[in-house]
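J.: with the sequence up front, the predicted model follows.
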Amino acid sequence: MLAYIIRRILQSVLVMLVVALVSFALFRFVGDPINSMVGQEATIADREALREQLGLNDPFLTQFATFIGRAVQGDFGISYRLQQPVMELILSRLPATLELALVSGLLAFVFGVGFGVYTALRRNGWLSNTIMTVSLIGVSLPTFLIGVLLIWVFAVELQWLPSFGRGDTVQIGNWTTGLLTPSGRASLVLPAITLGLYQMTLIMRLVRAEMLEVLRTDYIKFARARGLSNRAVHFGHALKNTMVPVITITGLQLGSIIAFAIITETVFQWPGVGALFINSVRFVDVPVMAAYLMLIALVFVIINLIVDLLYYVVDPRLRVDRAATRH
Amino acid sequence: MTDALLSVRNLRVEFPTRRGILTAIDDVSFDIMPGEVLGVVGESGAGKSLTGAAIIGLLEPPGRIAGGEILLKGQRIDDLDAESMRRIRGKRIGMVFQDPLTSLNPLYTVAQQLIETIRTHADLSEAEARARAIALLDRVGIPAAARRIDDYPHHFSGGMRQRVVIALALCAEPELVIADEPTTALDVSVQSQIIDLIKEICAERGAAVMLITHDMGVIAETADRVAVLYAGRLAEIGPVREVITAAEHPYTAGLMGSIPTLTQDNARLVQIPGAMPRLNAIPQGCAFNPRCERAFDRCFRDRPDPIDRGDGRKVACWLYDAAGVAAKEKADV
């Protein structure tokens, strides 16, 4: 078990190094950052001085080593555009994105599993068929369109919910949260639905397919033959076996939720890191782009690690070492 | 026979398909007495397992009981609602499936599965149920039961898992155990141990056994009576000694002839020519007529009902009808 964790962590470090290389390459290949930092009237000498000051004339490996060394300490340099430390910028935006991602992930998981189980158990009911049909729409509509449609219906026509922003936030230490104010919660509803809808339908279809598969297995038949109640058979035996693959997918989806928050944040002008990234791309703000890339990679790597460990907790068959000592 | 534990009367199981209704079990009747071991034999697809599934109320849709009735101690159980039938499953009728590797839920320990089942059927505390589970595992021959009860199914070998399955099937002391090919998936060396275990433990508790198998050797050693199914119909039923030593239905005789023996020096085993008809192509008259060497005109015309031959023996064959006997004698001359 310990060896397994250490191996997994080493793999994660390797992945991060590769991503760091890509992020770093951005500096060299995405335009000349000097251009966006200085004004029209700067002389060539001014530019050279700035280039020297930023260390852009050092050899590649030196620059990369410096980059990694600083990145490990959380120093991604100064944003070209906003002239603030990148880490500070990202940290101030991160709570908004994480809250949005977690709430929509939670919504996707709860409703996805709920609907999935329901449609698997009532395979031919009219409600199941309705849910399945509607879910097709969820899978096929692009996220920005769903966002715009929701804004149109609930913000413009019905005027129930705000169409943009985060509402009032409360500062708790370094964390700004919108969950504690009514306007913050109201603002969260539409973006969370927009972001989570696709994931929800995905999880729902996965749960349904897995559950149908599991319900056909011998141990479910045997559980029925033992006279267990439907409740115990469906939720105790079938659902737990269904959850093994679902956990993996859901975990990985959480990563993509954070990554794909870019679109939703743009549509709803949500002040998160996704919106920050989009603006950085527009202004070739390479330090922010690089840091964002690293951050997303880190999130994926950590979630992957957690998912692998969860798998281990849920499925006793993976605990091989214990079985080996027993025989 | 009103004292029968289980009575199956004219059972008919159908599968509606796009091309019409397939009759998988057609007019099958038999009784199981309390404490008796009834062997049910037949080829794959003869309806053995389906009969078991129909009795315990676990036919998989679209399969359905289309006719006849099933009585447990005189009470009809084939038309019960789902909840009443659930109370009978496990509690009064236990079931052992073919493949012990897939019968147990891999994510729960043996203790969790046993305790759950015991507490479903008896009002016991967790600790009492656990004590009973350990005693049961011990009884079915799991060494160091108290320690191994907290293991997961994958920690056990196939034979051991089947012992666990038997413990699960017996944990609410059912009056009838349906064992559906309980040894087919096991090592040959373990098979007889499992069969002996089922026989012993059921005898000890006075439970009757319906032993579904295609292994005539197992039937010969274990069963009191044997029912032979062919293409969803009952071909012959009777006390096991008599059916084995003096099979009356030509199909049973063929089955017996196909068992190798050590005492006879057979150069070649007897084999029944042809194959069992598919459900959508059962011939008119007797289902066995295309393969029967002794078939005569009536066999191709009318379907034989089981004919009472005395001593609890019944044979569905026109050879034993009064007219058939005459025809046979004529043919013999």
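T.: Looks like it came in fine. Residues are numbered from 1 along each chain as shown, chains lettered A, B, ... in the order given.
J.: isn't B:Thr184 right next to B:Pro100, touching?
T.: No - using Cβ atoms under 8 Å, B:Thr184 makes no contact with B:Pro100, being 10.3 Å away. (Glycine included, C-beta is placed from N, CA and C.)
J.: more crowded one of those two?
T.: Ranked by neighbour count (other Cβ atoms under 10 Å in any protein chain shown), B:Thr184 and B:Pro100 place B:Pro100 first, with 27 against 14.
J.: model confidence at the more buried one, what's the number?
T.: In this model, B:Pro100 is scored at 84, pLDDT.
J.: what's it sitting at in phi/psi?
T.: Note on B:Pro100: its backbone torsions stand at phi -70, psi -20 [degrees, to the nearest 10].
J.: list the residues that contact it.
T.: B:Gly158, B:Gly159, B:Arg161, B:Gln162, B:Val164, B:Val165, B:Ala185, B:Leu186 (Cβ atoms under 8 Å, 6 or more residues apart in numbering or on different chains).
J.: and of these, the nearest to B:Ser44?
T.: The closest of those to B:Ser44 turns out to be B:Ala185 (Cβ to Cβ; 14.2 Å).
J.: so the closest one makes contact with B:Phe97?
T.: No - counting by Cβ under 8 Å, B:Ala185 does not reach B:Phe97; the two are 9.2 Å apart.
J.: please say which of these two ends up with more neighbours.
T.: Legend: neighbour count by other Cβ under 10 Å for B:Ala185 and B:Phe97, higher for B:Phe97 (23 against 17).
J.: doesn't A:Phe222 make contact with that one?
T.: Yes - using Cβ under 8 Å, B:Phe97 is in contact with A:Phe222, at 5.6 Å.
J.: what touches both of these two?
T.: Common neighbours of B:Phe97 and A:Phe222, using Cβ under 8 Å, 6+ apart, are B:Ser103, B:Val165.
J.: any idea which element the residue nearest to A:Leu310 when sequence neighbours are not counted lies in?
T.: Leaving aside its sequence neighbours, A:Leu310 sits nearest to A:Ile247 (Cβ to Cβ, 6 or more residues apart in numbering or on different chains; 5.5 Å). Per DSSP states H and E: A:Ile247 is located in helix A:239-267.
J.: same question, A:Gln171
T.: Going by DSSP H and E, A:Gln171 is in strand A:170-172.
J.: mind checking pLDDT for the spatially closest residue to A:Ala238 that is not a sequence neighbour?
T.: Leaving out its chain neighbours, the residue that sits closest to A:Ala238 by Cβ to Cβ, 6+ apart is A:Val214, at 4.9 Å. If you check A:Val214, the pLDDT there is 90.
J.: up against chain A, what does chain B have?
T.: B:56, B:58, B:82, B:86-91, B:94-95, B:97, B:99, B:102-109, B:116-117, B:120-121, B:151-152, B:154-155, B:165, B:168-169, B:172 (Cβ under 8 Å from any Cβ of the partner chain).
J.: narrow those to those that are buried.
T.: B:56, B:58, B:86, B:88-91, B:94-95, B:97, B:99, B:102-109, B:116-117, B:120-121, B:151-152, B:155, B:165, B:168-169, B:172 (16 or more other Cβ atoms under 10 Å in any protein chain shown).
J.: let's see which of the residues you listed end up in helices.
T.: Those of these mapping onto helices are B:Ile56, B:Arg86, B:Ile88, B:Thr102, B:Ser103, B:Glu116, B:Thr117, B:Thr120, B:His121, B:Val165, B:Leu168, B:Ala169, per DSSP state H.
J.: the helix or strand hosting A:Ile193: which residues count as buried?
T.: Assigned by DSSP H and E, A:Ile193 belongs to helix A:182-215. By 16+ other Cβ under 10 Å, the buried positions in helix A:182-215 come out as A:184-185, A:187-208, A:210-212, A:214-215.
J.: and the very next helix or strand once past it, what other elements does it pack with?
T.: Proceeding N to C from helix A:182-215, the next assigned helix or strand is helix A:218-225, under DSSP H and E. Packing partners of helix A:218-225 (3 or more Cβ pairs under 8 Å, 6 or more residues apart in numbering or on different chains; DSSP states H and E): strand B:93-96, helix B:100-103, helix B:158-170.
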